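Asks: let's see this in three dimensions:
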Amino acid sequence: MTKLFPLIFVFLWSSAFITGKVVVFSSSPFAALSFRFLIVAFGFYCISLLYKNKIVAKLSSISKSFITGFFFHGIYLGGVWYAYSQNINVGIIAIIICLQPILTGIFAGPLLNEKINFKQWLGLSLGLIGSIFVIGIDFGESISVLGIISSLIALFGITAGTLIEKKYKNDLSLSVNNMYQAISASLFHLFLTTFFEESYINFTLDFILALSWQIIVISFGAFSILIYLIKVGSASKTASLFFLIPPVTAIMAWIFFKENLETIDVAGFVIAAIGVFIATNSKKLDTKTPE
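Replies: Okay, here's the model as predicted:
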């Protein structure tokens, strides 16, 4: 089953771009995120009690969870969801986030002592080229500068979170780790929604369904798989999976929103898939045996 985790992760993470924008149609981004992670924190608290995991832990361990939660759920999702509110095309946001494997590959060497060989760089390059084919940015349209900036901030957040999660091992159980990360994110977004936006939430049916998907499927499912993949593999190999996100997101938009999917998009998907296969199957990538 664990062998299917990368494919499951790509599908679930891609769906987050679709449902996330639906949520922002009915709420301010930071208010929705604060509310979401309050529920997520309570959910992981219940799971921790069910499995009798030790919730009270060392301050150092809790701090690590708070820091990674700040980058993953705070900076990354805050940037992405704010970009949604600026009416940025989902594809443009996805292609910016798609730069993460390149940044992770650059910093994984000096920070994590991972060797990125020629095959890995070839795979990363093909993944980026394929994703650009699929998304195809229209430079003629008016694009919000704030939306682009917030997307770049989100890129920094998820890259930093990935590197920190891999470099600084956390001895907390997965559910307790996720609980503290969610608490960190909820408090951070509560601060943002209080001081930096006109906070509101309209509990429409679309909002409830989309947020429920974000909480149950993304926070409890996709993110837990991401943390698992980072822990058992290299940061750079895990990050390369993100090159499949824009193509899969484009296909989902074609299915659910009837958005155009041209021949060049299909070609881009194939190129990106080949790139990810090369990058994730490169031998002798890690200098340390995964724990």
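Asks: pLDDT weak spots in the stretch 101-250 of the chain?
Replies: Where the stretch 101-250 of the chain drops to pLDDT under 70, the residues are 114, 134-143, 234-237, 239.
Asks: residue boundaries of the helices in it?
Replies: With helices called from DSSP state H, counting those that start in this stretch, the stretch 101-250 of the chain shows them at 118-135, 145-167, 174-195, 205-213, 223-232, 235-239, 245-257.
Asks: and the fifth one, how far from the chain's centre?
Replies: So the one you mean is helix 223-232. Counting by C-alpha atoms, centre = their mean, to the nearest Å, helix 223-232 is centred 11 Å from the centre of its parent chain.
Asks: got the helices of the stretch 101-250 of the chain as JSON lines, with distance to residue 271 columns?
Replies: For glycine as for every other residue, the C-beta is placed from the backbone atoms N, C-alpha and C. Below are the helices of the stretch 101-250 of the chain laid out as JSON lines (distance: least, C-beta to C-beta, whole Å):
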{"stretch": "helix 118-135", "distance to residue 271": "3"}
{"stretch": "helix 145-167", "distance to residue 271": "21"}
{"stretch": "helix 174-195", "distance to residue 271": "34"}
{"stretch": "helix 205-213", "distance to residue 271": "29"}
{"stretch": "helix 223-232", "distance to residue 271": "23"}
{"stretch": "helix 235-239", "distance to residue 271": "18"}
{"stretch": "helix 245-257", "distance to residue 271": "9"}
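Asks: OK, contacts around residue 242?
Replies: 13, 97, 98, 100, 101 (C-beta atoms under 8 Å, 6 or more residues apart in numbering).
Asks: swap the cut-off to 6 Å and go again
Replies: When contacts are counted by C-beta atoms under 6 Å, 6 or more residues apart in numbering, residue 242 touches 98, 100, 101.
Asks: most neighbours among those, which one?
Replies: residue 101 (31 neighbours; other C-beta atoms under 10 Å).
Asks: that one reaches residue 241, doesn't it?
Replies: No: applying C-beta atoms under 6 Å as the test, residue 101 and residue 241 come out as separate, 8.0 Å apart.
Asks: re earlier: out of the helices of the stretch 101-250 of the chain, which is the most enclosed?
Replies: Of all the helices of the stretch 101-250 of the chain, helix 235-239 has the most neighbours on average by mean count of other C-beta atoms under 10 Å, namely a mean of 27.
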